[in-house]
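Undergrad: When you get a sec, could you give me coordinates for this:
(2 chains)
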Amino acid sequence: MSVRRLHAEQPESFAFSKDSEKLVKFWLGKYPKGREASAVIPLLWIAQKQEGWVSEPAIRHVADRLGMPHIRVLEVATFYTQFNLAPAGEHLIQVCGTTPCWLRGAGELKKVCESRIGPKGQVSADGKFSWVEVECLGACANAPMVQISNRHGDDYYEDLTAESLNAILDVLARGETPAPGPQSDRKTSEPAGEAVTLTDKSLYDGSRAKPVKLPHAASPAAEAAPVKKARPSAKKAPAKKGGGE
Amino acid sequence: MSEDLRKIIVDGREIEVPAHYTLLQAAEAAGREIPRFCYHERLSVAGNCRMCLVELVGAPKPVASCAWGVRDCRPGPEGQPPEMKTLSPMVKKAREGVMEFLLINHPLDCPICDQGGECDLQDQSLAYGRAGSRFAENKRAVEDKYMGPLIKTIMTRCIQCTRCVRFATEVAGVPELGATGRGEDMEITTYLQAAMTSELSGNVIDLCPVGALTSKPYAFNARPWELKKTETIDVMDALGSNIRVDSRGGAVLRILPRVNEEINEEWISDKTRFVWDGLQRQRLDRPYARRNGRLEPVSWAEALSIAAEKLSGAPERIAAIAGDLCAVEDLKAAKDLFDVLGVSSIDCRQDGAAIGGGAREGYLFNTTIYGVEDADAILLIGTNPRLEAPVLNARIRKTWLGGGAAIGVIGEAADLTYPYEHLGAGPESLEELIGKRTGFIQKLKKAQRPMIVLGMGALARRDGAAVLRLAGELASAVGAVKDGWNGFNVLHAAAGRAGGLDVGFLPGKGGKDTAGILSAAKGGKLDTLVLLGADEIGMDALGETFVIYVGTHGDAGAHRADLILPGAAYTEKSALYVNTEGRVQMTSRAVFPKGEAKEDWAIFRALSERMGRTLPYDNLDQLRRKLFDDCPVLAGLDHAPGAETAKDFDPAKLGKAGKLTAAPFESPVTDFFLTNQVARASKTMAECSALASGVTRRAAE
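TA: Numbers count the residues shown, from 1 in each chain, chains lettered A, B, ... in the order given. So this is what the prediction gives:
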């Protein structure tokens, strides 16, 4: 559904919790008097992190807090799809379904979510999970992957299989935090298994670095520390290429 | 504005325009028409419709002329002035392209759309669009939103120009409309589909270039080409907004604004716009006489003979009160008759306002409505301009938005759509203010062009004369009246008031004013009371007085009346009305009076003949000639005197020093939608009123 609508059932009211209030004050402090409206996106985000979704009372509360007409905040909340206008579980599983993930098995992940959580957009019975399918999250090298949003953050869980996703959901159900990143045995997006390129250790121990003659270096000390990157000084003309960068 | 002029070549013609002009304004100066949807002269520039694209020589793409300034144009390579083309092949292609895009999701509603025949999209697609459509996919649809009982919304037709959003935020001052969602799913709506609360909300109907926002009461009633358009003047408030009455046959079908930069710009209030259905309901179309306690239809001959008899008695036991919608000619004819009969207890101030009788400046809006924009400090005393004159309120808001004016209010702390300093609720605050040295009084004294506005809420009370004196002294103390600037203003709430005061429909020697007349009636000292459309007085306390009601609607006056003489409403006669600035304007007849109703002046002329004291005019022209002889100031049409007589005007001499009442100032308008008999007869106004009071009730709980 691309038309953005407020959810049919809304809570009675909304208020920032004590912890949220600290964040709210931090963000309000960034903007000068008369420009409080600049904090509308951060405040809506804080409200979402607190409740899991942005309710209509939350929109009104943020608007009143910032001295904005209610409709202005509604415009912002409906413009950005990052704001959930319908209740979400404690953990919102966002499954990427775009081509690279799809080819690498996102369909399996969707099946896991459906059987474990329920249909898209619906909160599970225990209120812990809900899931949606989203567009590309930019982790194609680690396909297939999901992003899990909860009050702690929005981490990527990559290189998933049906089992590893189930394991993640188990950990979350227990109330613990699974380690983000690739769930296989590789680090970030390094090649799976043994590395076959860039294996020469001398690439990484500094031995390959030749002493560099800095064109504007004054002291021999600067010349004797070739590995140190020359910091571009404000006085040096930026037109000339700085040494070693 | 600086006189920085720049040369620019428009379609081969070199012209010189101010540097701050946009290309669109430059094209208009050169006489070139540029199509547009989102641009509007009186709103901020949005630049999102792309219909105003023109070719700027040297620019890689066509530019939005509404948003590109002349001063931002680069001169040619040899220093030639920048060149803009509005009819080149690139521009034609751009326009066709934009039009094609706009029509992609636009529904094929022309046959059922009210805007047909006056639709900007229709006109511009005919003039600038492609011959046919290439679109074979499905169009998107949007759910209709609720915006109140006045605005019909079919949001599928919306082209997201955001004129309505910008109008509500900037001009009306109620940021209620917004655009939620984005892209194809962008929808214009109010928050949670609440009704629009502004009194100017109907203007979005005019602004909307397509049929997305149309008039709900007028829905499916007529096509524009079958209507007769009559340019006339509105009487719902004392501004005299210029309107165009569209009628078909004998019925007024809708009322639209006319442009008048000095009064209403391009706006009219909702009451002015939607009161037309009240012109068809509760109409008095034949004379009635009360027999055995019941009103029975009688012929004119009989009615006039009854009236003649009742007016032949002792003149000190006869009185007349004129209502809010009386035209100058009607009051003149009535006054002439009463003068000849020796009746001196006549009063056009049915609310008992302590105003009138002296120099004109003492009871007019001297700054003029246009002059409000020059004010740098405004003090509102006992007036709620948002309810009494919404279009004037928009002008005050415009002044505030322009960064000029500091505004203070003594009276109700109402939401006026602009911030103000609330200095107090009643006359004691006015007294205090004069005595102060710091605070708002400083702003008034330092201001070059301060304005004091007195409303009927401050004058229609027992201490009205004392309040008038105080306000005049304040105006004098802050230098509000000087050569070239008259900042002393009275804001009337009734359209006929200033005209009545000009004509002198006031108690003569030994005559009673409204309060005196009412108490005489109650005390059995009045035989006959003539009400000229006066429905706001207490009808229960008139004792046994024989009431002759000359008016248009079956309101409170007609219910109490013993004799009803049906008159003509403002859309049914050519008449002069003087607005609160003292500007004389003339209405034109759009439709004929209902049934056997006559123009009010003709009723008094006929009555005079019946009584053997024939008035010296036989037609409207002769009446007007006599009127201009007796009151030369009324002969100048469409002229507001403003500060012409400021040099010799001393506001501190107005009114009369006296004791102040502690009661706070209250605006005479308790319900914006039901302030006169025409509005009370209107179903649309009743619906709006119910909605507005329902909202208030809920909030109080």
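
Undergrad: Okay, and the closest residue to A:Val73 other than its chain neighbours sits in which element?
TA: Leaving aside its sequence neighbours, A:Val73 sits nearest to A:Ala63 (CB to CB, 6 or more residues apart in numbering or on different chains; 4.2 Å). Every residue, glycine included, has its C-beta placed from N, CA and C. Applying DSSP states H and E as the criterion places A:Ala63 in helix A:56-66.

Undergrad: So for that helix, what gets flagged as buried?
TA: A:Glu56, A:Pro57, A:Ala58, A:Ile59, A:Arg60, A:His61, A:Val62, A:Ala63, A:Arg65, A:Leu66 (16 or more other CB atoms under 10 Å in any protein chain shown).

Undergrad: Enumerate every residue touching the last one.
TA: In this structure, A:Leu66 makes contact with A:Glu36, A:Ala37, A:Ala39, A:Val40, A:Leu43, A:Val73, judged by CB atoms under 8 Å, 6 or more residues apart in numbering or on different chains.

Undergrad: Filter those down to the buried ones and hand me the ChimeraX line.
TA: Here is the ChimeraX selection string for the buried members of those, based on 16+ other CB under 10 Å:
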select /A:36,39,40,43,73
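
Undergrad: So, low pLDDT: which residues of the stretch 601-701 of chain B?
TA: B:695-701 (pLDDT under 70).

Undergrad: How many residues are close by residue 113?
TA: Just going to use chain A. 23 (other CB atoms under 10 Å in any protein chain shown).

Undergrad: meant chain B actually
TA: Quick note: B:Cys113 (other CB under 10 Å) scores 20 neighbours.

Undergrad: what kind of secondary structure is the spatially most central residue of chain A in?
TA: The centroid of chain A falls nearest to A:Asp154 when counting by CA atoms, centre = their mean (4.5 Å). On the three-state scheme (DSSP: H, G, I helix; E, B strand; the rest coil), A:Asp154 is labelled strand.

Undergrad: mind listing the strands for chain A?
TA: A:91-96, A:129-134, A:146-150, A:153-158, A:181-182 (DSSP state E).

Undergrad: got the residues of chain B near chain A?
TA: B:175-185, B:187, B:189-192 (CB under 8 Å from any CB of the partner chain).

Undergrad: Which ones among the residues you listed map onto strands?
TA: Short answer: the residues of chain B next to chain A in strands (DSSP E) are B:Leu177, B:Gly178, B:Ala179, B:Thr180, B:Glu187, B:Thr189, B:Thr190.

Undergrad: For A:Val3, see how far away the first one is.
TA: Counting by CB to CB, to the nearest Å, the separation of B:Leu177 from A:Val3 is 18 Å.

Undergrad: returning to that earlier point: which members of the residues of chain B next to chain A are the farthest-apart pair?
TA: Pairwise distances across those peak at 24.7 Å for B:Pro175 and B:Glu184 (criterion: CB to CB).

Undergrad: the more surrounded of the two?
TA: For B:Pro175 versus B:Glu184, neighbours defined as other CB under 10 Å are more numerous around B:Pro175 (17 against 13).

Undergrad: do you know how far the residue nearest in space to the middle of chain B is from B:Arg258?
TA: Central residue of chain B (CA atoms, centre = their mean): B:Ser241, 4.2 Å from the mean position. Separation of B:Ser241 from B:Arg258 (CB to CB): 8 Å.

Undergrad: so what pLDDT did the residue nearest to the centre of chain A get?
TA: For A:Asp154, the model assigns a pLDDT of 95.

Undergrad: With adjacent residues omitted, what lies nearest to it?
TA: Nearest one to A:Asp154, counting by CB to CB, 6+ apart, is A:Gln147 at 5.7 Å.

Undergrad: Dig out what the one you found forms beta bridges with.
TA: Judged by DSSP bridges, the bridge partners of A:Gln147 are A:Gln94, A:Tyr156.

Undergrad: number of nearby residues for A:Ala218?
TA: So A:Ala218, with other CB under 10 Å, has 8 neighbours.

Undergrad: Equivalent analysis for B:Arg613, please.
TA: By other CB under 10 Å, neighbour count at B:Arg613 equals 16.

Undergrad: show me what contacts residue 56?
TA: Picked chain A for this. Contacts of A:Glu56 by CB under 8 Å, 6+ apart are A:Leu6, A:His7, A:Gln10, B:Leu192.

Undergrad: please go with chain B instead
TA: Counting by CB under 8 Å, 6+ apart, B:Leu56 has contacts B:Leu23, B:Pro62, B:Val63, B:Trp68, B:Cys73, B:Pro82, B:Glu83, B:Met84.

Undergrad: host element of B:Gln622?
TA: B:Gln622 belongs to helix B:620-630, assigned by DSSP H and E.

Undergrad: Not counting its own residues, what contacts the next helix or strand after that helix?
TA: Sequence-wise, the next helix or strand downstream of helix B:620-630 (DSSP H and E) is helix B:677-680. Applying CB under 8 Å, 6+ apart, the contact partners of helix B:677-680 are B:236, B:271, B:275, B:278-279, B:282, B:323, B:325, B:533, B:535, B:551-553, B:555, B:557, B:569, B:673-674, B:685-686.

Undergrad: if you set the cut-off to 6 Å instead, what comes out?
TA: B:Lys271, B:Val275, B:Gly278, B:Asp535, B:His553, B:Asp555, B:Leu674, B:Met685 (CB atoms under 6 Å, 6 or more residues apart in numbering or on different chains).

Undergrad: so which of those residues would you say is closest to chain A?
TA: B:Lys271 (24.8 Å; CB to the nearest CB).

Undergrad: Outline the domain layout of chain A.
TA: A:18-79, A:91-182 (automatic domain parsing).

Undergrad: got CSV for those, with distance to B:Val503 too?
TA: Shown next, in CSV, are the domains of chain A (distance: least, CB to CB, whole Å):
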stretch, distance to B:Val503
domain A:18-79, 47
domain A:91-182, 72
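
Undergrad: B:Phe167 is nearest to which of these?
TA: Nearest of those (CB to CB): domain A:18-79, 14.0 Å.

Undergrad: near chain B, which residues of chain A?
TA: When proximity is defined as CB under 6 Å from any CB of the partner chain, chain A approaches chain B at A:Ser2, A:Val3, A:Arg4, A:Pro69, A:His70, A:Ile71, A:Leu74, A:Glu75, A:Thr78, A:Phe79.

Undergrad: Return the closest of the residues you listed with respect to A:His91.
TA: Taking these together and measuring to A:His91 by CB to CB, the closest member is A:Arg4, at 22.5 Å.

Undergrad: can you pull the contacts of that closest one?
TA: Counted by CB under 6 Å, 6+ apart, A:Arg4 has contacts A:Thr78, B:Gly181.

Undergrad: For the chain, give me the ranges with low pLDDT.
TA: Answering for chain A, as no chain was given. A:1, A:219-245.

Undergrad: Chain B was what I was after
TA: In chain B (pLDDT under 70), the answer is B:1-2, B:695-701.

Undergrad: run the last query once more with 80
TA: B:1-2, B:404, B:695-701 (pLDDT under 80).

Undergrad: most distant residue from the middle of it?
TA: B:Glu78 (53.5 Å).

Undergrad: need the contact list for that residue.
TA: No contacts exist for B:Glu78 under CB under 6 Å, 6+ apart.

Undergrad: Quick check: it vs B:Tyr370, distance?
TA: 45 Å.

Undergrad: Could you check which residue of the stretch 451-600 of chain B lies nearest chain A?
TA: B:Met451 (26.8 Å).

Undergrad: So what's the residue count around the closest residue to A:Arg116 other than its chain neighbours?
TA: Excluding its sequence neighbours, the residue lying closest to A:Arg116 (CB to CB, 6+ apart) is A:Leu169, at 5.9 Å. Look at A:Leu169: counted by other CB under 10 Å, it has 22 neighbours.
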